[in-house]
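Trainee: Provided below are the primary sequence and the corresponding predicted coordinates.
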Amino acid sequence: MAKALFALGRWSHRHHWAVILCWALLLAALGGAAASLQKGFSDEFEIPGAPSAEAAALLSEAFPGEPNPVAEQSVTLVFAAPEGERLADPANSAAVDRVLEHIRDHAGQIGDDAQLLNPVELDPKLREAVVAGGVEGGLPREVAERDGYFLRVLSDDGRVGTAMFSFDVAAPPEIEPGNRQAVLDAMDLGREAGIEVEAMGPGFFDPVEITAVSEVVGIGVAFLVLALTFGSLVAAGLPLITAVTGVAVGALGIVLMTAFWKLNTVTPVLAVMIGLAVGIDYALFIMARYRAELRGGLHRADAAGLAVATAGSSVVFAGLTVLIALAALTLAGIPFLSLMGVSAAATVAVAVLLSLTLVPALLAVAGRRAFAGAIPGVAGNPVRGHRVRLFGDRTLGRRWVGLVHRVPGLMLVAVIGILGALAVPAKDLALALPSDATAEYGSTQRRAVQLVDEGFGPGRNAQMIVVVDARDADPAAPALAPLAGAVEDGRAAAVPYVLDHLRNNVDVDHVQIIGANEAGTAAQLLLTPVAGPLDDATGELIAALRRQQPQLAAATGARIGITGLVPIEHDVTVTLTEAMPVYLAVVVGLAVVLLLLVFRSIAVPLTAGAGFLLSVGAAFGLTVLFWQEGLWDLVPTPGPLISFMPIFLIGVTFGLAMDYQVFLVSRMREHFTKSGGRARPGSPYTAVEESIVEGFSLGARVVTAAAIIMISVFVAFIGQPLAFVRIFGFALGAAILFDAFLIRMTFIPAALFLLGRATWWLPGWLDRVLPKVDVEGEGIEGHRRRLLEAAGVE
C-alpha cells in the first residue's frame, strides 16, 4: 500500500492544478445537484417495525380516512390565570378569547381547530357531550362522568385551561415561519393582558437552529494550534483549506441524500463536527511528515510522495477505523441512526481522500512558501539568529515518555484509578428523546408541561393511544362470553374486555374509549398513566402493557397496539439500549483485527481496546455528572441524555481514539522495524523500550496538536442552541481529552513498557496467515535511499 500511496502523493504534487480543478468541479456539481434535488430534513425518530410503529399502522388500517392522531402536528395552548384568580374571571376570559381570535385570523395552515375554543366555555360542553354519549352507549353514568373528567380542558381550581389545534402539514419543518410567528404574537397578546400563555405539542417544536459560530471558533483555535506546531502562518492555513473543503463536500452530499432518504435534522451537524476535526488532523499529520522529509534533504515532489506513503498510510487506516465505527451503526437497525452513521462516515472518507491528494497539491502550489510566515521563537524558529529551546535538547514529549518509563506501573494504576472514578456516574445514565418535557427551563414548551402537570396531573402529559382491532376477533371466545350479551356483534365484546384489563394496572390512572367504528369492532382507547413522560414508572408501565398484549390477543382474537409520542420515544430508547452491547462488540472486534493487521502484534490491539473502554466510560460519567445531574449548576437544563447519544458517542470516540493509536504506535513500530529489532549501541534501553521512546518522541508533538485541535472543535459546539449538539460536543471533547492524553500518551506506553518483548510478539502461524500491510513505509525504504542519493544526501 505504501508504494501506491507514494505514487499518488507524488502525482498529486506534480499535477496539482488538475487535482484542485477536480475537487472544485466536484464541489460545484454537488452544490448544483443539492440545490435542485434536496427535499429537506426530518425531525422524526420513529423506528419501522417497532411496536409503536406497528400500532400506528394498525390505527390507520382500522380507521381508514380518519386523521391519525399520532401523526398530527397538534399544538396545545395552555392558559393560566394569576395566582388566586380563575380563567372564568371576565378580564382573564377576554384575554383568552383575544389569543384564540388572533390565531384564527392570522395563523394559516390550520386544519383541525375543533378545540380551539375558550376552555371556560368548552369544558362544560365537552364533558356533557362525553357523558351523554357514554350513557347512550350503555355506560353507567358514573363511568361516563369519569371519562368526561379525564378529557377536561379546565383544571379543578379553574386556573389552568387548554385549547388545541393542528397544523395541516406532514412535519414541523413544513410549518411556515409566519404562521408560527402568528401563534407567538397571539401568546404575547395574552401575556400583555395579564394571563400566562404557553404552547407545546408536535406542531410547536422549536425549529432546529444551527449557527456558524462553532465552526468559526473551532477553526480559529485550530489555526492558532497549527501556527504553534509549524511555526508558520502559511502552513497553519493549508490544513484548514482542506478541512473546510471536505466539510463542504460532505455537507452538500448529505443535503443531496435527502432526495433519496429521510435524514434527521442533526445529521449534517454531526457530520460537519466530525469531518472538520478529522480533516484538520489528517492534513496535519501529512504536512508534519512532509516537513520532516524536506529537512532530510528530499526534493518537494519526492517528500510529498513519502509523506503520503508513510503518514498517509496511517491516515488511511485511522480513517478506516472511523469508517468502521460509524458505518457499523447500521447494525442497530434504526434507519435514522444508520443514515447518520453513513453520512458521517462518508464525510470522513472525503477527509481522507482530500488529505492524500489535495494536501500534496496545495503544498506544490505553495512551493518554497509552504512554511513561510515564520513566527520567531515558535517551533524551533530562531529569534534574532538564536534558537530558543524551552526544554534543552530533550523535547517535552521525550521527557514525558522518560517519566512514564521510570514508573510505568504507577502511571498505569493512576490512569485506571482516575478514569475508573470518573466512570462511576455512568451507572445512573438516563435516556430520552427530545420532547416538550425535556425542553429548556424557561421555554414555552417546558412551562406548558409544568402548567398541565399542576392543573391536570403528570399523567396528562404522558397519555397514549391503545388500538383495539376486533374485526377478526373470535365472538365465541370463552373470555368474551360474559360481555357478549351487551353488544350486537360478539366481536365488539373484545373492546370492553381489553379496556377492563388495562384499567387494572396499578400505574394506569384511567382508560376510556375516544373513538370507535360503526360496528364497535375497532376502537381507540385513551390511556392516562399516573406518572409523567420521563418517570421510570411510565416506562415500566409501557413494558408491562406490552407483555399483556399477547395474552389479551390470545384471549379475544383481537389485534392490539399501543402508540403515541411517549411509547414511540420508549421504543427508540429501548431499541438503542439493547443494540449497544452488540454494536460495541462488533466495532471493537473489527478494529482489533484491523490493528492486528497493521501492527503485527497481539498486545497493541488489546491494550488499545482496553484503553478505549476506560476513556469512553469516563466520558459517559462526566457527561452524566454535568448534563444529567447538573453538577455545580453549570448546565442550564440538566435532564436525561438523548437516546441515540451513547451509541453514537461510542462509535465516534472509538474511531477517533484509534486515530491516535495508529499515529503514535506506527511511529514506534516503524523504529522497531527499521532497527531490525536491535537497540542502538550504548542505548540505555532495550530494543522494545527504544522503539517506544523514539516513536513517542517523534509523534507526540503532532498528536498533541491534533488532539487539542479536535477537542477545540468539539467543545466549540457547546455554544450551539440545539441541546443534543451541545451535549455531544461536550462528551466528544471529554472523550478525546481522556483518550489522547491519559490513554494514548500515558496508559499505552506504560502498558507496552511493562509488556517488554511481548509488545511486538505475534505467533508465527498467525504472522504467516495475516496479509502483509505496510503502514510504516518499509516497502519503500530502498526507494527512499535512492531518492536521497539522487538529491545528493549521504
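Mentor: Perfect, thanks for sending it. Residues are numbered from 1 along each chain as shown.
Trainee: switch to C-alpha atoms for all contacts and neighbour counts from now on
Mentor: Fine.
Trainee: in a helix, Leu354, correct?
Mentor: Yes. Secondary structure of Leu354 (DSSP: H, G, I helix; E, B strand; the rest coil): part of a helix.
Trainee: quick one, what contacts it?
Mentor: Applying C-alpha atoms under 8 Å, 6 or more residues apart in numbering, we find Leu354 in contact with 242, 246.
Trainee: quick check: phi and psi on the spatially closest residue to Leu596 that is not a sequence neighbour?
Mentor: Leaving aside its chain neighbours, Leu596 sits nearest to Pro605 (6.1 Å; criterion: C-alpha to C-alpha, 6 or more residues apart in numbering). With angles defined as degrees, to the nearest 10, Pro605 sits at phi -60, psi -40.
Trainee: and for the one 5 residues further on?
Mentor: Note on Ala610: its backbone torsions stand at phi -60, psi -40 [degrees, to the nearest 10].
Trainee: what is the neighbour count of it?
Mentor: Other residues lying near Ala610 total 14 when counted by other C-alpha atoms under 10 Å.
Trainee: and the longest helix belonging to the chain, which residues are buried?
Mentor: With secondary structure taken from DSSP state H, the chain has its longest helix at helix 565-599. Using 16 or more other C-alpha atoms under 10 Å as the test for burial, helix 565-599 gives 565-573, 575-577, 579-580, 583-584, 586-588, 591-592, 594-599.
Trainee: for the closest residue to Asp739 other than its chain neighbours, phi and psi?
Mentor: Counting by C-alpha to C-alpha, 6+ apart, Ser615 is the residue found nearest to Asp739 once chain neighbours are left out, at 5.3 Å. Note on Ser615: its backbone torsions stand at phi -70, psi -40 [degrees, to the nearest 10].
Trainee: contact partners for Ser615?
Mentor: Per C-alpha under 8 Å, 6+ apart, neighbours of Ser615: 419, 735-736, 738-739, 743.
Trainee: over to Ala62?
Mentor: 469, 522.
Trainee: circling back to that earlier point, what is the burial count for the residue nearest to Leu596?
Mentor: 24.
Trainee: tabulate the contacts of Ser615 in JSON lines, adding columns for neighbour count and distance to Ser666.
Mentor: Below are these laid out as JSON lines (neighbours: other C-alpha atoms under 10 Å; distance: C-alpha to C-alpha, whole Å):
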{"residue": "Leu419", "neighbour count": "24", "distance to Ser666": "25"}
{"residue": "Ala735", "neighbour count": "29", "distance to Ser666": "22"}
{"residue": "Ile736", "neighbour count": "25", "distance to Ser666": "19"}
{"residue": "Phe738", "neighbour count": "25", "distance to Ser666": "20"}
{"residue": "Asp739", "neighbour count": "31", "distance to Ser666": "17"}
{"residue": "Ile743", "neighbour count": "29", "distance to Ser666": "16"}
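Trainee: now the two most distant members of the residues you listed.
Mentor: Pairwise distances across the contacts of Ser615 (C-alpha to C-alpha) peak at 12.7 Å, for the pair Leu419 and Ile736.
Trainee: let's test this: mean pLDDT of stretch 174-194, rounded?
Mentor: Per-residue pLDDT over stretch 174-194 has a mean of 92.
Trainee: now do that stretch: everything it contacts.
Mentor: 81-82, 92, 95-96, 98-100, 102-103, 106-109, 167, 169, 196-198, 204.
Trainee: in strands, which of those appear?
Mentor: 167, 196-198 (DSSP state E).
Trainee: so which of the residues you listed is the most crowded?
Mentor: Val197 leads the ones in strands among the contacts of stretch 174-194 on contacts (other C-alpha under 10 Å) with 28 neighbours.
Trainee: who's in contact with it?
Mentor: Counted by C-alpha under 8 Å, 6+ apart, Val197 has contacts 77-80, 187-188, 190-191.
Trainee: mind doing that once more with 10 Å?
Mentor: Val197 sits next to 77-81, 95-96, 99, 160-162, 184, 186-191, 444, 447-448, 451 when contact means C-alpha atoms under 10 Å, 6 or more residues apart in numbering.
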